[in-house]
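In: Please work out how this folds:
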Amino acid sequence: MSVSYNVKYLKSLQSVRERSQDVYKQALKGQLQHFILDESKIDSIADYVLSLVKRDFDNIANVPPHGRWRSYCIKLPSGTRDLVSEHVAQWKANDVSDWECARRIVDLFMVSVLVDAGAGSKWKYWDEQTESTYQRTEGLGIAALRMFEQGTFSSSPSNKFQADARALLKLTDQDMCAGFQVSDDNPLLGCENRAQLLRNLGLALSESPRYFGGKCACNSHPARPGFMLDYLSGCTTGTPMTVSIDDIWEVIIDGLAPVWPESRTQLDGVPLGDVWPCTALSTSPSTCAADQLVPFHKLSQWLTWSLLEVIIKLGKFTVVDTEKLTGLPEYRNGGLLVDMGVLTLNKQDYERGQQNGQGNVPMFAGSDPVIVEWRAMTVVLLDKVAEAVKSRIIDDEVPDMFLARILEGGTWKAGREIAAQLRPESKDPPINIISDGTLF
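Out: Predicted coordinates:
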């Protein structure tokens, strides 16, 4: 069955920014359904972001790109450790090729990102190796790394440091709960759903040999995320190897399509993933269903941002057109906009969210129109924050992947820090999302 134009468009990177811009245009006309916009406060956010960059990195050019690698750069009393670089160095010392090292980190990052939806404020992970406790995204990342090191995601007797379709398809809920130290006293939101996502990943890998089958003619080995590097090497032009972000996005959005729950929004019988109807675009009864949908593809973009660093640093590719990626519409970036007054939730929606929330923080389902509108505005306003920061850089050369550095340096960190200041007990964002472990 051929895929319709609307389906192709809504799965594209282009559509994320364009549809969110459509929502922003409604905001400029005062026609948002759930929030009030005050753009005059964007300057305050830009100043705050720059103060964090100055504090932690001195210069925006020193800020690393936003990606999963950061979760493995951990600060300990003895100093900062880069767990990814440590593994790569050890593998190379054991005569593992540079290419296979890159494959292994792609394997790790794909699994790690897919389980990186919101963990909730009650879950913690105790890591014996570093003798430290981690929470939220760092905890999820460390837990995934330890399972990877133990060979949980590998079916190979000779290489436990991989993730492959055979092992992922056999992963049980119990495996996941044990690896993430889940108990009645240490609940992880949507743990079973995260396990299902990884089983779905196993299915997606096995069903997409073009992207994940590698170059073995006998095809006797199981599909791996890391084999996408072999596919991308066939898309390259020139020396060094150059690929477009569109080539990488095709692997992620098409190759991983079976990962996402079929209960998500569908169009023409095709599940679209992280795509939702937005009431701000329902401007008239004649507006067609497809024109009311806003795509975000947050986990897919988070995965793409994360893999970019591996593809460039370890795979030795040059990647062009990275500016097509957007800021991530998740609760830290969006929470920053609410906490600093750029977006204010309507009183009626606040009261409705209080019925589910705790501690004066309203809570909504991920599909709720409030959350969809919030996320669409977040995509656009992150671009505007980045523009405001760029306008303040006088002497410094603007580095490549500028938005990725703003997110890291940055809006995501600012959202976390201001949440901790305003809500020190929970450190929750100003609006909470009912997490099923597959979205945020």
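In: quick one: residue 304 and residue 153, what's the gap?
Out: 20 Å (Cβ to Cβ, to the nearest Å). Using the backbone N, CA and C atoms, a C-beta is placed for each residue, glycine as well.
In: of the two, who's got more company?
Out: Neighbour totals were compared for residue 304 and residue 153, and residue 153 leads with 29 against 24 (other Cβ atoms under 10 Å).
In: which ones are touching the residue nearest to that one when sequence neighbours are not counted?
Out: Leaving aside its sequence neighbours, residue 153 sits nearest to residue 163 (Cβ to Cβ, 6 or more residues apart in numbering; 3.8 Å). Taking Cβ atoms under 8 Å, 6 or more residues apart in numbering, we find residue 163 in contact with 107, 108, 110, 111, 148, 153, 154, 224, 225, 226.
In: If we use 10 Å, what do you get?
Out: 103-104, 106-112, 144, 147-148, 151-155, 171, 198, 201-202, 205, 222-226 (Cβ atoms under 10 Å, 6 or more residues apart in numbering).
In: Surely residue 331 touches residue 119?
Out: No: assessed by Cβ atoms under 10 Å, residue 331 is found out of contact with residue 119, at 11.7 Å.
In: Where do the helices of the stretch 51-200 of the chain begin and end?
Out: Counting by DSSP state H, counting those that start in this stretch, the stretch 51-200 of the chain has helices at residues 83-93, 98-114, 136-149, 165-169, 173-179, 191-207.
In: mean confidence for the first one?
Out: In this case it means helix 83-93. Taken as a whole, helix 83-93 has an average pLDDT of 97.
In: Can you check what angle separates that helix from helix 98-114?
Out: Counting by axes from the mean of the first three to the mean of the last three Cα atoms, to 10 degrees, helix 83-93 lies at 150 degrees to helix 98-114.
In: Buried residues, helix 83-93. List them.
Out: Across helix 83-93, burial judged by 16 or more other Cβ atoms under 10 Å covers 83, 84, 87, 88, 91.
In: cool, the second one as well?
Out: Buried positions in helix 98-114, judged by neighbour count with 16+ other Cβ under 10 Å: 100-114.
In: What pLDDT is listed against residue 104?
Out: 98.
In: wait, residue 360
Out: Residue 360 is given a pLDDT of 85.
In: And for it, nearest residue in space, chain neighbours not counted?
Out: Closest to residue 360 by Cβ to Cβ, 6+ apart is residue 354, at 7.5 Å.
In: In this structure residue 359 contacts residue 419, no?
Out: No: Residue 359 sits out of contact with residue 419 when judged by Cβ under 10 Å, with a separation of 12.0 Å.
In: Compare the two (neighbour count), which wins?
Out: residue 419 (22 against 10).
In: one step back: what's the overlap in contacts for residue 359 and residue 419?
Out: 426, 428.
In: Look up how far residue 253 lies from the closest residue to residue 324 other than its chain neighbours.
Out: Nearest residue to residue 324, sequence neighbours excluded (Cβ to Cβ, 6+ apart): residue 13, at 4.5 Å. Separation of residue 13 from residue 253 (Cβ to Cβ): 8 Å.
In: swap in residue 152?
Out: From residue 152 to residue 253 the distance is 27 Å (Cβ to Cβ).
In: What of residue 230?
Out: Taken as Cβ to Cβ, the span from residue 230 to residue 253 is 19 Å.
In: For the two, work out which one has more neighbours and name it.
Out: residue 253 (20 against 17).
In: show me the contacts for residue 83.
Out: 69, 71, 72, 73, 74, 108, 129, 130, 141, 142, 145, 149.
In: er, residue 212 actually
Out: Contacts of residue 212 by Cβ under 10 Å, 6+ apart are 110, 164-165, 201, 204-206, 222-228, 230-231, 251, 255-256.
In: What separation do you get for the residue lying closest to it once chain neighbours are set aside and residue 270?
Out: Excluding the flanking residues, the one nearest residue 212 by Cβ to Cβ, 6+ apart is residue 223, at 4.2 Å. Per Cβ to Cβ, residue 223 is found 22 Å from residue 270.
In: Neighbour count for these two, which is higher?
Out: Each of residue 223 and residue 270 has its neighbours counted (other Cβ under 10 Å); residue 223 has more, 26 against 17.
In: quick one: that one and residue 256 touch, right?
Out: No: when contacts are counted by Cβ under 10 Å, residue 223 is not listed as touching residue 256 (11.9 Å).
In: who touches both of those two?
Out: In contact with both residue 223 and residue 256: 201, 204, 205, 208, 211, 212, using Cβ under 10 Å, 6+ apart.
In: out of these, who has the most neighbours?
Out: Counting neighbours by other Cβ under 10 Å, residue 205 leads the shared contacts of residue 223 and residue 256 with 29 neighbours.
In: which residues touch the residue nearest to residue 360?
Out: Here residue 354 is in contact with 360, 361, 362, 363 (criterion: Cβ under 10 Å, 6+ apart).
In: Can you say which of the residues you listed are buried?
Out: 361, 362, 363.
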